[in-house]
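Student: only the shape, not the letters, is given here:
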Ligand SMILES: [Mg+2]
Ligand SMILES: [Zn+2]
(Lines give C-alpha, C1' and ligand atoms only; values in the text may rest on other atoms or scores of the structure.)
(Ligands and ions follow the chains in the order given, each with its own letter.)
Protein backbone atom coordinates (compact mmCIF):
# COMPACT_ATOMS: atom_id res chain seq x y z
CA UNK A 1 0.00 0.00 0.00
CA UNK A 2 1.27 3.49 -0.88
CA UNK A 3 1.95 5.89 1.94
CA UNK A 4 0.13 9.18 1.65
CA UNK A 5 -3.43 10.41 1.52
CA UNK A 6 -6.25 9.08 -0.61
CA UNK A 7 -7.74 11.45 -3.16
CA UNK A 8 -10.85 11.79 -5.22
CA UNK A 9 -10.04 13.25 -8.63
CA UNK A 10 -13.01 15.03 -10.12
CA UNK A 11 -13.63 16.08 -13.67
CA UNK A 12 -15.23 19.56 -13.79
CA UNK A 13 -17.83 19.94 -16.56
CA UNK A 14 -20.61 17.36 -16.25
CA UNK A 15 -19.44 16.34 -12.77
CA UNK A 16 -19.42 19.52 -10.64
CA UNK A 17 -21.28 21.86 -12.98
CA UNK A 18 -23.82 21.45 -15.74
CA UNK A 19 -22.26 21.45 -19.19
CA UNK A 20 -23.85 23.68 -21.78
CA UNK A 21 -25.60 21.38 -24.28
CA UNK A 22 -25.60 22.29 -27.97
CA UNK A 23 -26.84 19.82 -30.61
CA UNK A 24 -26.88 17.09 -27.96
CA UNK A 25 -23.17 17.55 -27.15
CA UNK A 26 -21.75 18.86 -23.86
CA UNK A 27 -19.57 21.99 -23.80
CA UNK A 28 -17.96 23.86 -20.89
CA UNK A 29 -19.59 27.07 -19.66
CA UNK A 30 -18.06 30.06 -21.46
CA UNK A 31 -18.16 32.45 -18.51
CA UNK A 32 -19.03 32.68 -14.81
CA UNK A 33 -22.52 33.75 -15.91
CA UNK A 34 -22.98 30.36 -17.64
CA UNK A 35 -21.76 28.40 -14.61
CA UNK A 36 -24.39 26.30 -12.88
CA UNK A 37 -23.15 23.93 -10.17
CA UNK A 38 -25.17 20.74 -9.61
CA UNK A 39 -27.38 21.05 -6.53
CA UNK A 40 -25.96 17.88 -4.98
CA UNK A 41 -22.26 18.72 -5.58
CA UNK A 42 -21.61 20.62 -2.33
CA UNK A 43 -23.14 17.90 -0.15
CA UNK A 44 -21.23 15.17 -1.99
CA UNK A 45 -17.88 16.96 -1.73
CA UNK A 46 -18.35 17.82 1.94
CA UNK A 47 -19.07 14.13 2.64
CA UNK A 48 -15.88 13.12 0.79
CA UNK A 49 -13.82 15.74 2.70
CA UNK A 50 -15.25 14.48 5.97
CA UNK A 51 -14.22 10.95 4.98
CA UNK A 52 -10.65 12.27 4.65
CA UNK A 53 -10.17 12.53 0.90
CA UNK A 54 -8.07 15.19 -0.82
CA UNK A 55 -10.27 16.63 -3.59
CA UNK A 56 -8.50 17.44 -6.85
CA UNK A 57 -10.29 18.74 -9.94
CA UNK A 58 -8.64 17.65 -13.22
CA UNK A 59 -10.08 19.27 -16.33
CA UNK A 60 -9.35 19.41 -20.07
CA UNK A 61 -9.99 22.90 -21.50
CA UNK A 62 -8.80 22.60 -25.12
CA UNK A 63 -10.73 25.69 -26.28
CA UNK A 64 -7.68 27.71 -25.18
CA UNK A 65 -5.44 25.89 -27.69
CA UNK A 66 -8.24 26.17 -30.27
CA UNK A 67 -8.31 29.94 -29.82
CA UNK A 68 -11.97 30.13 -28.79
CA UNK A 69 -11.52 30.70 -25.05
CA UNK A 70 -9.20 32.74 -22.80
CA UNK A 71 -7.33 31.30 -19.83
CA UNK A 72 -8.65 34.20 -17.70
CA UNK A 73 -12.28 33.16 -18.31
CA UNK A 74 -11.51 29.56 -17.29
CA UNK A 75 -9.68 30.77 -14.18
CA UNK A 76 -12.66 32.95 -13.22
CA UNK A 77 -14.96 29.90 -13.49
CA UNK A 78 -12.51 27.87 -11.41
CA UNK A 79 -12.43 30.62 -8.75
CA UNK A 80 -16.23 30.42 -8.53
CA UNK A 81 -16.00 26.65 -8.11
CA UNK A 82 -13.40 27.08 -5.34
CA UNK A 83 -15.71 29.56 -3.61
CA UNK A 84 -18.69 27.19 -3.77
CA UNK A 85 -17.11 23.77 -3.18
CA UNK A 86 -14.43 22.43 -0.80
CA UNK A 87 -11.87 21.48 -3.46
CA UNK A 88 -8.15 21.37 -2.58
CA UNK A 89 -6.82 22.10 -6.04
CA UNK A 90 -7.85 22.49 -9.66
CA UNK A 91 -5.45 21.33 -12.38
CA UNK A 92 -6.13 22.26 -15.98
CA UNK A 93 -4.87 21.01 -19.34
CA UNK A 94 -5.16 23.86 -21.85
CA UNK A 95 -3.87 21.82 -24.80
CA UNK A 96 -5.46 20.04 -27.75
CA UNK A 97 -4.52 16.60 -29.12
CA UNK A 98 -2.05 17.86 -31.71
CA UNK A 99 0.18 19.38 -29.03
CA UNK A 100 0.87 15.90 -27.69
CA UNK A 101 1.07 17.03 -24.05
CA UNK A 102 1.23 14.58 -21.15
CA UNK A 103 -1.74 16.12 -19.35
CA UNK A 104 -4.75 15.96 -21.70
CA UNK A 105 -7.02 13.17 -20.47
CA UNK A 106 -7.08 10.21 -21.31
CA UNK A 107 -3.42 10.71 -20.40
CA UNK A 108 -2.87 10.58 -16.64
CA UNK A 109 -0.48 13.58 -16.37
CA UNK A 110 -2.74 15.82 -14.28
CA UNK A 111 -3.45 13.02 -11.82
CA UNK A 112 0.22 12.05 -11.55
CA UNK A 113 1.25 15.70 -11.00
CA UNK A 114 -1.30 16.05 -8.24
CA UNK A 115 -0.15 12.78 -6.67
CA UNK A 116 3.38 14.13 -6.46
CA UNK A 117 2.34 17.57 -5.24
CA UNK A 118 -0.03 16.32 -2.51
CA UNK A 119 1.79 13.03 -1.68
CA UNK A 120 -1.25 10.96 -2.64
CA UNK A 121 -1.76 7.21 -2.39
CA UNK A 122 -3.09 6.36 -5.85
CA UNK A 123 -3.99 2.79 -4.86
CA UNK A 124 -6.55 4.22 -2.42
CA UNK A 125 -7.79 6.97 -4.73
CA UNK A 126 -10.70 7.40 -7.16
CA UNK A 127 -11.55 9.31 -10.34
CA UNK A 128 -15.08 10.57 -11.07
CA UNK A 129 -15.94 11.63 -14.62
CA UNK A 130 -18.70 11.84 -17.18
CA UNK A 131 -16.80 10.82 -20.33
CA UNK A 132 -14.51 8.08 -21.60
CA UNK A 133 -11.43 10.32 -21.30
CA UNK A 134 -11.93 10.54 -17.53
CA UNK A 135 -12.31 6.79 -17.10
CA UNK A 136 -9.21 6.05 -19.16
CA UNK A 137 -7.11 8.71 -17.41
CA UNK A 138 -8.10 7.22 -14.07
CA UNK A 139 -7.28 3.70 -15.23
CA UNK A 140 -3.90 4.88 -16.56
CA UNK A 141 -3.11 6.47 -13.18
CA UNK A 142 -4.06 3.27 -11.34
CA UNK A 143 -7.08 4.62 -9.46
CA UNK A 144 -10.62 3.25 -9.34
CA UNK A 145 -13.03 4.98 -11.68
CA UNK A 146 -16.66 6.05 -11.40
CA UNK A 147 -18.61 7.14 -14.46
CA UNK A 148 -21.56 9.47 -14.00
CA UNK A 149 -23.80 8.57 -16.89
CA UNK A 150 -25.47 11.68 -18.28
CA UNK A 151 -27.83 11.83 -21.28
CA UNK A 152 -25.15 12.96 -23.68
CA UNK A 153 -22.59 10.24 -22.94
CA UNK A 154 -21.08 9.70 -26.36
CA UNK A 155 -19.09 6.51 -26.29
CA UNK A 156 -17.74 3.92 -23.91
CA UNK A 157 -14.20 3.80 -22.65
CA UNK A 158 -12.04 0.92 -23.88
CA UNK A 159 -11.70 -0.18 -20.27
CA UNK A 160 -14.85 -0.24 -18.15
CA UNK A 161 -15.25 1.96 -15.05
CA UNK A 162 -15.49 0.29 -11.64
CA UNK A 163 -18.93 1.81 -11.13
CA UNK A 164 -21.57 3.61 -13.16
CA UNK A 165 -23.85 6.02 -11.29
CA UNK A 166 -26.27 8.79 -12.17
CA UNK A 167 -25.16 11.70 -9.96
CA UNK A 168 -22.23 13.15 -8.01
CA UNK A 169 -24.11 12.29 -4.79
CA UNK A 170 -24.26 8.61 -5.83
CA UNK A 171 -20.59 8.70 -6.82
CA UNK A 172 -19.63 9.99 -3.35
CA UNK A 173 -21.77 7.33 -1.64
CA UNK A 174 -20.15 4.58 -3.73
CA UNK A 175 -16.63 5.82 -2.96
CA UNK A 176 -17.28 6.09 0.78
CA UNK A 177 -18.81 2.57 0.86
CA UNK A 178 -15.95 1.11 -1.17
CA UNK A 179 -13.23 2.69 0.97
CA UNK A 180 -14.97 1.70 4.23
CA UNK A 181 -15.15 -1.91 2.99
CA UNK A 182 -11.44 -1.74 2.18
CA UNK A 183 -10.59 -0.36 5.64
CA UNK A 184 -12.46 -3.19 7.34
CA UNK A 185 -10.66 -5.89 5.30
CA UNK A 186 -7.34 -4.28 6.29
CA UNK A 187 -8.20 -3.97 9.99
MG1 LIG B 1 -16.76 16.28 -18.28
ZN1 LIG C 1 -2.14 19.25 -21.63
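Tutor: Structure received. Only a predicted model underlies this, so the values are computations on that prediction, with no experimental measurement involved. Ligands and ions are numbered 1, 2, ... in the order given.

Student: now the longest strand along the chain, how far from the chain's geometric center?
Tutor: For the chain, the longest strand by residue count, based on DSSP state E, is strand 54-60. Using CA atoms, centre = their mean, to the nearest Å, the distance from the centre of strand 54-60 to the centre of the chain it belongs to is 5 Å.

Student: buried set for the following helix or strand past it?
Tutor: Counting by DSSP states H and E, the next helix or strand C-terminal to strand 54-60 is helix 71-84. By neighbour count on 16 or more other CB atoms under 10 Å, the buried set for helix 71-84 is 73-74, 77-78, 80-81. For glycine as for every other residue, the C-beta is placed from the backbone atoms N, C-alpha and C.

Student: how about those, which pair is most distant?
Tutor: The distance between the two most remote of the buried residues of helix 71-84 (CB to CB) is 13.2 Å, for 73 and 81.

Student: show me which residues of the chain sit near ligand 1.
Tutor: Contact residues, the chain versus ligand 1 (CB under 5 Å from the ion): 11, 13-14, 130.

Student: let's see 8 Å
Tutor: 11-15, 19, 26, 59-60, 129-131, 133-134 (CB under 8 Å from the ion).

Student: from those, which one has the minimum pLDDT?
Tutor: Lowest pLDDT of these: residue 26, 87.

Student: just give the number of residues close to the residue lying closest to that residue once chain neighbours are set aside.
Tutor: Nearest residue to residue 26, sequence neighbours excluded (CB to CB, 6 or more residues apart in numbering): residue 19, at 3.4 Å. Residues contacting residue 19 under the criterion other CB atoms under 10 Å number 20.
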